[in-house]
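Q: Sequence below, structure please.
(chains A and B, ligands or ions: 1)
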Amino acid sequence: MLRMKLPTILVGVAVSVLWVAAPAQAEDITVTIDNFAFTPQNVTVKPGTKVTWINHDDIPHSVASGTQGLRSKALDTDQSFSFTFTTPGTFKYFCGLHPHMTGSIVVEGTTGSAAPQ
Amino acid sequence: MTTHDDGPSRRKVLECMTWAGTGVLWTIAGGVPASLGIIDGALAEEPKGFTFLQISDSHMGFDKPANPNAKGTLEEAIARARTIPNRPAFMIHTGDISHLSKASEFDDAEKIISQARLDVHYVPGEHDIIDEDRGRLYMARYGRGTRGFGYYSFDANGVHFIGLVNVVDLKGGGLGYLGAEQLAWLENDLKGRSASQPIVVFAHIPLWTVYPEWGWGTDDGAQALGYLKRFGSVTVLNGHIHQVMQKVEGNVTFHTARSTAFPQPAPGTAPSPGPMKVADDKLRTLLGIADITFKQNEQRLAIVDTPLKS
Ligand SMILES: [Cu+2]
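A: Below you'll find the model as predicted:
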């Protein structure tokens, strides 16, 4: 009985450590689209951050880029699109309908899994 | 209604007209366009010529405060088109037929525009290619006999018409975009044509730089215009900016049409180019159609912008 239980406890501890660490690293953020502009236009985030774009204009906009998956359908008024950034780097994007609208997400950190505290 | 003193320089007059927003009559003599002045309403006393219509930016499906009834105003525009005494040969639609590229929006547009009983030559706006498959619906309806994402040319009454697409594959930080393939096609399409043949080029986003801060221009538009330099009479018709703008540069006359759906602000006069909400009784003075006439014997070209309500 005792021998069976021990590994279970260890697994439980390991999982909870990871789970506690995650929110401190990546707080979800929102980029609003108002008056044909992304606000904030440039944001720096931690790896694992979910970014949500929401369109407040009377005209559809979109999120387009050369990054796999970082491309929304046209967002009508009050529609939104989310993308979780896992890899460090600078991700530039623009509106596919109005490409003069641009923005960027900078994902901090080294490429290793042990993020500095 | 704005009036102008006689005698200011042509450029000055053109600038004024840009904002007066009524009709304007052009003469082409010896390859140099000259303005005859603002005209009010239709070309009542003018000799008949070859006429075609331009409508633009119908935005079927738009229902925001700037105009909750875009269907109604398109119907009014088409009704207006039917009252033109010198029946137009055909219509061109310079894009943004729909607001969100929905099949139902294209259906509504078709139902209303067909009431004009005219052939319609379309080019897409950026709002017409935002369906799941990025333009499949547009191409299925309007793309027959076209190349790429819907560009083509045709001849009518000795005039060569070229419909270009500058809303596809737009580049981050850029403006409208034609692309190398379309430009090569254009160069070839113009090859061997007599420089005396009048040319009409139409596309959604202005091919000339109107206001880059709002994206009102085409990155590689100058290259397209370069191929047109040798022609004596070139008319460039665009939409997208939902207001009348005119410019003359050498032998090229640039013109943008009003929308039938909602007005947009003059460059730099608002925080963004988004739909402009105006008083209800003013809306129809800012929406409308354009009526373009070639008087071939007189080498004459006239563009008349007719608002839904003057
Ligand atoms: Cu946009």
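Q: use CA for all of it now, contacts and neighbours both
A: Fine.
Q: What is the burial count for the residue of the stretch 101-250 of chain B at minimum distance from chain A?
A: Going by CA to the nearest CA, chain A is nearest to residue B:173 of the stretch 101-250 of chain B, at 4.4 Å. By the criterion of other CA atoms under 10 Å in any protein chain shown, residue B:173 has 15 neighbours.
Q: what's near enough to touch it?
A: Contacts for residue B:173 (CA atoms under 8 Å, 6 or more residues apart in numbering or on different chains) come out as A:94, A:99-102.
Q: so where do the helices sit in chain B?
A: Ranges of helices within chain B are B:10-20, B:70-82, B:103-113, B:136-142, B:180-190, B:221-228, B:280-283, based on DSSP state H.
Q: which of the ones you listed has the lowest average pLDDT?
A: Among these, helix B:10-20 has the lowest mean pLDDT, at a mean of 35.
Q: Residue B:121 contacts residue B:91, correct?
A: Yes - here residue B:121 reaches residue B:91: they are 6.3 Å apart, a contact under CA atoms under 8 Å.
Q: how about the nearest residue to the residue nearest to the spatial centre of chain A, chain neighbours excluded?
A: For chain A, residue A:50 is the residue whose C-alpha lies nearest the centre (CA atoms, centre = their mean; 2.7 Å). Nearest residue to residue A:50 in three dimensions, chain neighbours excluded: residue A:84, at 4.0 Å (CA to CA, 6 or more residues apart in numbering or on different chains).
Q: How about the residues of the stretch 51-200 of chain B by chain A?
A: Listed as neighbours of chain A in the stretch 51-200 of chain B under the rule CA under 8 Å from any CA of the partner chain: B:64, B:100, B:126-127, B:130-132, B:167, B:170-175.
Q: residues near residue 100, how many?
A: Using chain A. Count around residue A:100 with other CA under 10 Å applied: 23.
Q: right idea, wrong chain: chain B
A: Neighbour tally, residue B:100, other CA under 10 Å: 25.
Q: For it, which non-adjacent residue is closest in space?
A: Nearest to residue B:100 is residue B:127, by CA to CA, 6+ apart, at 5.7 Å.
Q: One more: residue A:82?
A: residue A:52 (4.2 Å).
Q: sorry, back to before: which among the residues of the stretch 51-200 of chain B next to chain A count as buried?
A: Buried by 16 or more other CA atoms under 10 Å in any protein chain shown: B:100, B:126-127, B:130-131, B:167, B:170-172, B:174-175, out of those.
Q: How many residues are close by residue B:267?
A: Residue B:267 - counted by other CA under 10 Å - has 16 other residues nearby.
Q: Now narrow the contacts of residue B:173 to whatever sits close to chain B.
A: Near chain B, by the rule CA under 8 Å from any CA, you find A:94, A:99-102 out of the contacts of residue B:173.
Q: who's in contact with the residue of chain A found nearest chain B?
A: Residue nearest to chain B within chain A (CA to the nearest CA): residue A:100, separated by 4.4 Å. If you count contacts by CA under 8 Å, 6+ apart, residue A:100 has them with A:94, B:172-175, B:213-215.
Q: Quick check: strands, which of these are part of them?
A: Under the assignment DSSP state E, the contacts of residue A:100 contribute residue A:94 to strands.
Q: near the ion, which residues of chain A?
A: Proximity of chain A to the ion (CA under 5 Å from the ion) is limited to residues A:61, A:95, A:97-98.
Q: which of these has the most neighbours?
A: Neighbour tally across these (other CA under 10 Å): the maximum, 30 neighbours, falls on residue A:61.
Q: contacting residues around it?
A: Neighbouring residues of residue A:61 by CA under 8 Å, 6+ apart: A:55, A:74-76, A:95-98.
Q: Repeat the analysis, applying 10 Å as the threshold.
A: Listed by CA atoms under 10 Å, 6 or more residues apart in numbering or on different chains, the contact partners of residue A:61 are A:33-34, A:36-37, A:54-55, A:72-77, A:79, A:94-99, A:101, B:127, B:130.
Q: Run through the bridge partners of it.
A: residue A:75 (DSSP bridges).
Q: would you list every one of the strands in the chain?
A: No chain specified, so I'll use chain A. A:29-34, A:37-39, A:42-45, A:49-55, A:80-85, A:89-94, A:102-107.
Q: was after chain B, sorry
A: Using DSSP E, strands in chain B cover B:23-29, B:32-39, B:50-55, B:91-93, B:120-122, B:152-156, B:159-163, B:199-203, B:234-238, B:245-249, B:252-256, B:288-295, B:300-307.
Q: shouldn't residue B:145 be in contact with residue B:151?
A: Yes - judged on CA atoms under 10 Å, residue B:145 makes contact with residue B:151 at a distance of 9.0 Å.
Q: what residue ranges in the chain score low on pLDDT?
A: Answering for chain A, as no chain was given. A:1-25, A:110-117 (pLDDT under 70).
Q: hmm, I had chain B in mind actually
A: Applying pLDDT under 70 to chain B picks out residues B:1-48, B:295-301.
Q: Can you tell me which residue is spatially central in it?
A: Central residue of chain B (CA atoms, centre = their mean): residue B:238, at 3.4 Å.
Q: so what's that residue bridging to?
A: For residue B:238, the beta-bridge partners under DSSP bridges are residue B:203, residue B:256.
Q: who touches residue B:78 in this structure?
A: B:55, B:72, B:112-117, B:260, B:288-289, B:308.
Q: same question, residue A:84
A: Residue A:84 neighbours (CA under 10 Å, 6+ apart): A:26, A:28, A:47-52, A:69-70.
Q: count of residues packed around residue 87?
A: Let's take chain A. Residue A:87 - counted by other CA under 10 Å - has 18 other residues nearby.
Q: let's do chain B instead
A: Residue B:87, neighbours per other CA under 10 Å, totals 16.
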